[in-house]
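Participant: what's the 3D shape of this:
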Amino acid sequence: MVSSILSEKGYHAMSLTFDDMFFHTLQIDLTGNSSTLTLLCPPDHAFLSSKLYPQPPLTLLQYHLVPFKLSRDELVSLPLGSKVETLLHGHPLVVTTLPGSEYVTLNEVRVAEWDVYNDGRLIIHGVDDFLDPAYQTLRYPWYDAEEIQAKVVGEFSWIMGKLSENWIIVLLSLLMIALLVLILVSFSSCVEYCRHCDYHLVI
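Facilitator: Sure thing, here's the model as predicted:
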């Protein structure tokens with residue numbers, strides 16, 4: 001049904017891509033009440049642009065999917081420079097709407113048509129062109145640093161959580177290491193003492 005509506009609204013290229021992208025490649029399930037996605041849909045001429053392939057790569061399509069509800073009112077309310085997470089992990093969209101502008105823009109691409117489709121679980125807005133992931137990397141590189149920091153903090157928290165869950169095993173491991181070091185040091189001392197004794201016997 002979504003593909004048919006996209007085709008009727010003039011988004012023929014995306015209508016041909018939609019079913020395969022959603023249900024086969026990304027395996028997205030929109031049957032649950034809590035599942036909500038927003039798709040930013042490029043026009044047909046963007047698919048035929050000489051800069052891009054007629055069949056865009058999966059990562060580019062993921063960059064046009066926002067994993068939550070993004071209505072017109074919500075987008076209009078976002079200030080300049082706000083980041084909007086996408087299904088392409090670590091590569092957010094950036095709100096570039098200038099104060100007082102009559103148009104909403106993301107990565108300097110205008111949102112051209114609101115609510116091309118909206119059933120409460122899937123919202124589709126039309127945009128003037130493909131959204132380029134390189135825009136955020138070049139113009140807002142500090143978002144990458146935030147992503148790396150969040151990942152490091154998350155991994156550290158996971159390690160600390162595992163350590164706290166298995167503190168007895170960790171403690172025993174540390175004791176074993178300490179005992180092994182003590183044995184090695186004692187062995188080295190014994191060897192040195194024996195060499196010293198042999199030296200005096202030879203004399």
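Participant: Find me the pLDDT at the residue most central in space within the chain, would you?
Facilitator: Taking CA atoms, centre = their mean, the centroid of the chain lies closest to residue 89, which sits 1.3 Å from it. Per-residue confidence (pLDDT) for residue 89: 88.
Participant: Same question for residue 161.
Facilitator: 64.
Participant: which residues are contacting stretch 117-126?
Facilitator: 2, 5-6, 9, 11, 30, 33, 35-43, 69-72, 75, 111-116 (CB atoms under 8 Å, 6 or more residues apart in numbering). C-beta coordinates here come from the backbone N, C-alpha and C atoms, glycine included.
Participant: The same query, at a cut-off of 6 Å, please.
Facilitator: Defining contact as CB atoms under 6 Å, 6 or more residues apart in numbering, one finds that stretch 117-126 is touched by 2, 5, 30, 35-41, 111-114, 116.
Participant: so which of those comes closest to residue 105?
Facilitator: residue 111 (7.0 Å; CB to CB).
Participant: Just give the number of residues close to the nearest residue to that closest one once chain neighbours are set aside.
Facilitator: Closest residue to residue 111 apart from its sequence neighbours, by CB to CB, 6 or more residues apart in numbering: residue 104 at 4.6 Å. Around residue 104 sit 20 other residues, with neighbours defined as other CB atoms under 10 Å.
Participant: Would you confirm that residue 104 contacts residue 98?
Facilitator: No - using CB atoms under 6 Å, residue 104 makes no contact with residue 98, being 10.1 Å away.
Participant: that's a helix at residue 183, yeah?
Facilitator: Yes - looking at residue 183 with DSSP: H, G, I helix; E, B strand; the rest coil, it is inside a helix.
Participant: In the chain, what residue spans correspond to strands?
Facilitator: 37-41, 65-66, 83-84, 93-94, 105-106, 109-118, 122-127 (DSSP state E).
Participant: between those strands, which gets nearest to residue 176?
Facilitator: strand 83-84 (46.9 Å).
Participant: What mean pLDDT does that closest one get?
Facilitator: 95.
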